[in-house]
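# generate a structure from the sequence data that follows.
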Amino acid sequence: MTHAPVRLQEDFQPTHSILESTRSLLDLITGSWASQVVHAAAKLKLADELASRPRTVREIAAAVGAMERPLYRLLRAMSGLGLTEEDSQGRFDLTPTGQLLRSDVPNSLHGFAALNGEDWHWRNWGGIVDCVKNGGPVFDRLFGMPVFAYLGQHPEAGAAFDAAMTSITGGWNSAVLAALEFPETATVVDIGGGAGVLLAAILEANPHLHGVLVDLPEVTERAVSNPRLAAAISTGRCKVSSGSFFEPIPAKGDIHIMKFILHDWGDEEASTILTNSRNALETGDRLVLVEQLIEPGKPALLATLTDIEMLLFVSGGERTEQEFAQLLRRNGFELTKVVPTPAPVFIIEARAI
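Predicted coordinates for the structure are as follows:
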């Protein structure tokens, strides 16, 4: 019996475009693996250990309490992701991107990297199919309570969440500040302001302003330990007021600012928040929202992925400019301008009517 010779057919040869597409899709499929590598690096604070000089695996392992061979493989995977570099002597050093995993540098993303691999956070992304079929949020079904109630009852998770929010948005504050204009005198009320990072930056850049940070008691207790906010408090330029934005705003001011607040909530809850804000302002006073926008026809990757995060965790989501305009109009505000920034956020300004 003879067999026909095996013949390679050009029609079956992968073309360059197919190879590139395959590589791109594989990067997306294994993206969760990469995220876990970055999470592990953040939890072990490997970037902090490499901050001063290149170090051997043995040195790093002794410092972080890890086994040398598994740690080497983790550091090597970090090199594959462009976070570290290994020299000819087996020492690892940080790349410029890896520097941002340090916990002690400006614009650090350490807190956000640490949060995204935590079990209570990561498990929700495993429920995305259930969420698409049955609606969200998945978090409530997994943990038996809304996410913000969970954070309030679990201080470690709450602190990790605060650190992550400071981490992911702190580097954008300079872009936000450059897009904001303030009058000669005013009191700025930061509603749901978390650790007070943005408010502290506003007060530092505008010494003629005063500020009030409003957030839940367990959040404000942590916020006063923020050195920059504490400095403003010590000079009498800033106050901290405990309260919920679902209740009357417990502070008087001329300008309300909310950074990444409304995207957490559906239209009904967002309307309550906006109504409470409007009731605490005089006609003509300003409301400033710092949010991502979904731009029709131009879906930004971060905004669309954050929208899925909202779908899984809360009742909210990212909105379009038109959706913000309608929501504001229904609750006593008129949208006056939308200002893009170099960061992936927009300044959405409204006037109380």
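# what ranges does this structure have for its strands?
55-56, 84-86, 91-94, 187-191, 210-215, 238-242, 255-259, 286-291, 333-340, 346-352 (DSSP state E).
# list the contacts of the shortest one.
Surrounding strand 55-56, the residues in contact under the criterion CB atoms under 8 Å, 6 or more residues apart in numbering are Glu49, Gln89, Gly90, Arg91, Phe92. Every C-beta, even on glycine, is put in place using the N, C-alpha and C of the backbone.
# switch the cut-off to 7 Å
Glu49, Gly90, Arg91, Phe92 (CB atoms under 7 Å, 6 or more residues apart in numbering).
# pLDDT score for Gly171?
Here, the pLDDT recorded for Gly171 equals 80.
# tell me how far it lies from Phe143.
30 Å (CB to CB, to the nearest Å).
# and the most centrally placed residue in the chain, what is it in contact with?
With distances taken as CA atoms, centre = their mean, Ile168 lies nearest the centre of the chain, 4.0 Å away. Contacts for Ile168 (CB under 7 Å, 6+ apart) come out as Leu109, Phe112.
# out of the strands of the chain, nearest to Val314?
With CB to CB as the criterion, Val314 lies closest to strand 286-291 of these, at 14.1 Å.
# what about the closest one, distance to the chain center?
17 Å (CA atoms, centre = their mean, to the nearest Å).
# which residues sit against it?
By CB under 7 Å, 6+ apart, strand 286-291 touches 176, 180, 255-260, 262-263, 277, 333, 345-352.
# in the protein, where is pLDDT below threshold?
1-15 (pLDDT under 70).
# measure the closest residue to Glu184 other than its chain neighbours to Ile233 for me?
Excluding its sequence neighbours, the residue lying closest to Glu184 (CB to CB, 6 or more residues apart in numbering) is His208, at 5.9 Å. According to CB to CB, His208 stands 17 Å off from Ile233.
# neighbour count winner among the two?
Neighbour tally, His208 and Ile233, criterion other CB atoms under 10 Å: the higher count belongs to Ile233, 20 against 11.
# can you tell me which residues contact Pro217?
Ser242 are the contacts of Pro217 under CB under 7 Å, 6+ apart.
# likewise the one 5 residues further on?
Arg222 makes contact with Ala159, Asp162, Ala195 under the criterion CB under 7 Å, 6+ apart.
# if I look at the residue lying closest to the first one once chain neighbours are set aside, how far off is Ala201?
In this case it means Ala159. Nearest residue to Ala159 in three dimensions, chain neighbours excluded: Arg222, at 6.5 Å (CB to CB, 6+ apart). Using CB to CB, Arg222 is found at 18 Å from Ala201.
# please apply the same query to Gly316.
Distance from Gly316 to Ala201, by CB to CB: 25 Å.
# same question for Glu218.
Glu218 is 23 Å from Ala201, by CB to CB.
# what does Lys298 give?
29 Å.
# those two: which is more packed in?
Of the pair Lys298 and Ala201, Ala201 is the one with more neighbours under other CB under 10 Å, namely 17 against 8.
# which residue packs closest to the more buried one, ignoring adjacent ones?
With CB to CB, 6+ apart, the residue lying closest to Ala201 is Asn173, at 4.8 Å.
# swap in Val57?
In space, Val57 is closest to Tyr72, 4.6 Å off (CB to CB, 6+ apart).
# distance-wise, check the one you found relative to Ala113.
The gap separating Tyr72 from Ala113 is 20 Å, by CB to CB.
# neighbour count: those two, which is higher?
Ala113 (24 against 19).
# for the more buried one, which non-adjacent residue is spatially closest?
That would be Ala42: by CB to CB, 6+ apart, it lies 3.9 Å from Ala113.
# pull the contacting residues for Val189.
With CB under 7 Å, 6+ apart, Val189 has these contacts: Val212, Val214, Ile249, Ala251, Gly253, His256.
# rewinding a little: reformat the strands of the chain as JSON lines; add distance to Leu19.
Listed next are those as JSON lines, based on distance: least, CB to CB, whole Å:
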{"stretch": "strand 55-56", "distance to Leu19": "37"}
{"stretch": "strand 84-86", "distance to Leu19": "26"}
{"stretch": "strand 91-94", "distance to Leu19": "31"}
{"stretch": "strand 187-191", "distance to Leu19": "50"}
{"stretch": "strand 210-215", "distance to Leu19": "50"}
{"stretch": "strand 238-242", "distance to Leu19": "56"}
{"stretch": "strand 255-259", "distance to Leu19": "43"}
{"stretch": "strand 286-291", "distance to Leu19": "39"}
{"stretch": "strand 333-340", "distance to Leu19": "36"}
{"stretch": "strand 346-352", "distance to Leu19": "38"}
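# what's the closest of the ones you listed to Gly117?
strand 84-86 (17.8 Å).
# what packs against that closest one?
Applying 3 or more CB pairs under 7 Å, 6 or more residues apart in numbering; DSSP states H and E, we find strand 84-86 packed against helix 68-80, strand 91-94.
# in it, which of the residues would be classed as buried?
For strand 84-86, the neighbour count (16 or more other CB atoms under 10 Å) marks Thr84, Glu86 as buried.
# ok, that strand: who's next to it in the sheet?
With DSSP bridges as the test, strand 84-86 is paired with strand 91-94 (antiparallel).
# not counting the partner strand itself, show me its contacts.
Ala47, Leu50, Pro54, Arg55, Thr56, Leu75, Thr84, Glu85, Glu86, Asp87.
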